[in-house]
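> build me a model:
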Amino acid sequence: METPSHEAINKPSASMLVEEGDRLRKRGDWINAEESYIRATQVDPENRDAWIELGCLLVDSRRFSEAAVCLRRIVNNGVPATDDPQASVRALAEIAAARPDWVRGQYSLGCAYEQLADHDRARQHLANALRMDSSMLAAVEALYARMFWAEEKYTDAIAAADRSLAANPKYYLALVIRGRACSAQGRMLEAVDCSRRSLEIVPEPTLHSGMLFDITCLTETTPEVLYAEACRWNALYAAPLASEIQPHTSRPDPERRLKVGYVSPDLYGHPIAKFILPVFELQDRSRYEVFVYSVGSKSDQITEWIQTRVEHFVTLPAEGKKLAERIRTDEIDILVDLAGHTTGEAYLAFARKPAPIQVSWIGVMSTTGMSTMDYFLGDAEMPCPGTEHLFTETVYRLPRAFFCYRPGTDASVAPAPYLERGDVTFGCFNSPRKITREVVKLWSAILHLVSGSRLLLKYYHLEEEARQASLRAWFAEEGIPSQRLVFVGSSLSTDYFDEYRLIDIALDPFPYNGGSTTLDALWMGVPVVTLAGRSPVQRTGASILNAVGLTDLVTHSAEQYVTTAVFFAKTVPKIPGSRENLRKAIQASPLMDEIGLVRAAENAFRDMWRTWCRNRN
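Next up, the predicted model:
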């Protein structure tokens, strides 16, 4: 009789691998759990539990066609390999019906119905799973949290995530959802903390990019901190793709017509449209062939408008490798990043260097951290002079503002509300994510110094008490009663500009300054007081106001910010015609010189190209 080898004795069985997969999954480590289930199917292709558990995990991960392949091995009803989630759910439901005590099946059905937005059914099956096995608490509560988040019930989402984390402090999904919900409520310190803890469990580029964006809202984030984190992102996700970079075949003719590609997920009614539409419309077609790569899921009439203005409009899934392959096939000479770390999964296309020159512009307010990104296109104010060494890119400063502004409305300028009310209304139309505790402290000081004044805050869902709670609490700590605060929610685009009639002076948040909101305020005749700093995102206000010639509104210390806001509040609303004059100032400024911006950008692109050609030759 042949003695089993030592290797065979120690080789885990399919059942052992399934059990290991279950343990990993309970801990929230789905990546290694999937690997265990796959190994189980390889050790014993007839093991039903292995195929069922793998199928459940794939359903939970929204990979429905792969799930159907697994589940149809168990259900002999011809379930096809399809992306239709209903087919996988039907197969899973059939298996679960024959196994009434199957906890994992009830949980996976809950996952499936949650992904189909049938939250009532999802909660029913998840409750069944928890009733059968109390150890499922972390997993079930995490899914409850995700459903609350999808329903925009962020307080409930945080509470459910907290229950999940109480059961398992390292449950990945609960940390991710809690971070998103905290971010939606402007609780940025908590949001960043959740992201960091999530990334310790599973390093993931899109989540890490989100954290890079979120930390720009924190007062303690210096340019040095941002640079270090961006470089860490590059080392983890972008640098390992260097082997996929291929030689560029672009013809090194410095004066030939160039192919310029623009990449963005925001080619719809997004604030970026106010900046980029003139570029698409006015670029010199005799010198540049324009390609636009849309990697977002949203589209509207703005999307349709862009499609009619460019030679090549390409819609692609948000997948970096496919995007890079398409860009390489199109033989793009200069590739322009318009969204930075908000691009999503497609952002790693830039790590594969599909074009010989890659540029960050407009939608990007900080270094990308990528060694493959060649240039950052800024101006005299952006980024802060003296911080160039904290960019992995070469900072290329345009001789004018690095963007222009197309308001998209001819709404008339309204009189200052002070003239009717007799007291001053300050205002801010920015996201609450930008309103830090330090911002509230300075705004409260301003309110204390301007007798009878009030503060109007307007943003999506700010009319809801749950969204106001933390802000009201902060102001109360500074001695500002709730009666001096006005909260307004979102409005139709046709009404949005008209609502600037409600405020006399706009207060720019920091460290993350407003961009389109500052421009919109100036267009409607409302002066904006900004506090400039070293961080790239704290230079936007200075860039805008200096371009309009409003240097007196740019401050450089907390004390100056307060005194400037108070001075303008006591003088400007009383000056006849001040709001009309402000509109005239922005109209006459470089910010509305669309041709000037496009030609400056084209000259920059040509200069970059000539440098590449010289180095190539």
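> any idea how far residue 224 is from the residue nearest the centre of the chain?
Centroid check for the chain by C-alpha atoms, centre = their mean gives residue 342 as the closest residue, at 3.8 Å. Using C-beta to C-beta, to the nearest Å, we find residue 342 at a distance of 22 Å from residue 224. (Each C-beta comes from the backbone N, C-alpha and C, glycine too.)
> could you do residue 91 as well?
Looking at residue 91 against residue 224, where the rule is C-beta to C-beta, the gap reads 53 Å.
> tell me which of the two has more neighbours.
The neighbour comparison of residue 91 against residue 224 (other C-beta atoms under 10 Å) goes to residue 91, with 23 against 12.
> correct me, but that one touches residue 70?
No. Using C-beta atoms under 8 Å, residue 91 makes no contact with residue 70, being 9.0 Å away.
> okay, and the common contacts of those two?
residue 55 (C-beta atoms under 8 Å, 6 or more residues apart in numbering).
> burial count for residue 453?
Other residues within reach of residue 453, judged by other C-beta under 10 Å, total 21.
> contacts only, for the closest residue to it other than its chain neighbours.
Here the nearest residue to residue 453 in space, its sequence neighbours aside, is residue 424; by C-beta to C-beta, 6 or more residues apart in numbering that works out to 4.4 Å. The neighbourhood of residue 424, defined by C-beta under 8 Å, 6+ apart, consists of 418, 450, 452-454, 504-505, 569-570, 573.
> hmm, try it at 7 Å
For residue 424, the contact set (C-beta atoms under 7 Å, 6 or more residues apart in numbering) comprises 418, 450, 453, 504-505, 569, 573.
> ok, back up a step: from residue 226, how far off is the residue nearest to the residue nearest to the centre of the chain when sequence neighbours are not counted?
Using C-beta to C-beta, 6+ apart and skipping residues adjacent in sequence, the residue nearest residue 342 is residue 213, 5.8 Å away. In this structure, residue 213 and residue 226 are separated by 10 Å, where distance is defined by C-beta to C-beta.
> measure residue 317 to residue 324 for me?
With the distance defined as C-beta to C-beta, residue 317 ends up 13 Å from residue 324.
> which one of the two has more residues nearby?
Taking residue 317 and residue 324 together and counting by other C-beta under 10 Å, residue 324 has the greater number of neighbours (24 against 10).
> correct me, but that one touches residue 354?
Yes. At 4.3 Å, residue 324 counts as touching residue 354 under the criterion of C-beta atoms under 7 Å.
> give me the pLDDT for the residue nearest to residue 52 when sequence neighbours are not counted.
Residue nearest to residue 52 in three dimensions, not counting chain neighbours: residue 74, with 5.8 Å by C-beta to C-beta, 6+ apart. Turning to residue 74, the model gives it a pLDDT of 79.
> pLDDT of stretch 374-383, averaged?
The predicted model assigns stretch 374-383 a mean pLDDT of 95.
> got a list of contacts for it?
Among residues not part of stretch 374-383, those counted as contacts by C-beta under 7 Å, 6+ apart are 357-361, 367, 391, 393-398, 400-402, 536, 539-540, 542-543, 546, 604, 608.
> that stretch: end-to-end distance?
Its first and final residues considered, stretch 374-383 spans 16 Å by C-alpha to C-alpha, to the nearest Å.
> hmm, back to that, what's the spacing between the residue nearest to residue 342 and residue 501?
Relative to residue 501, residue 213 is positioned 32 Å away (criterion: C-beta to C-beta).
> just residue 341 next, same as before
Distance, residue 341 to residue 501, by C-beta to C-beta: 36 Å.
> also residue 86?
Spatial separation of residue 86 from residue 501 under the definition C-beta to C-beta is 50 Å.
> and for residue 134?
Counting by C-beta to C-beta - residue 134 and residue 501 are separated by 57 Å.
> pick out whichever of those two has more residues nearby.
Taking neighbours as other C-beta under 10 Å, residue 134 and residue 501 compare with residue 501 leading, 19 against 9.
> what's the closest non-adjacent residue to that one?
residue 414 (3.5 Å).
> can you list contacts of stretch 280-288?
With C-beta under 7 Å, 6+ apart as the contact definition, stretch 280-288 has outside contacts at 257-258, 260, 290, 292, 306, 309-310, 594-595, 598, 602.
> picking up where we left off before, was I right about the residue nearest to the centre of the chain contacting residue 211?
No. In this structure, residue 342 sits apart from residue 211 without contact. The criterion is C-beta under 7 Å, and the distance is 11.8 Å.
> what's residue 425 sitting at in phi/psi?
Listed backbone geometry of residue 425 is phi -110, psi 110, with angles given as degrees, to the nearest 10.
> from the contacts of residue 424, which is closest to residue 243?
Proximity of the contacts of residue 424 to residue 243, judged by C-beta to C-beta, is greatest for residue 505, which lies at 54.5 Å.
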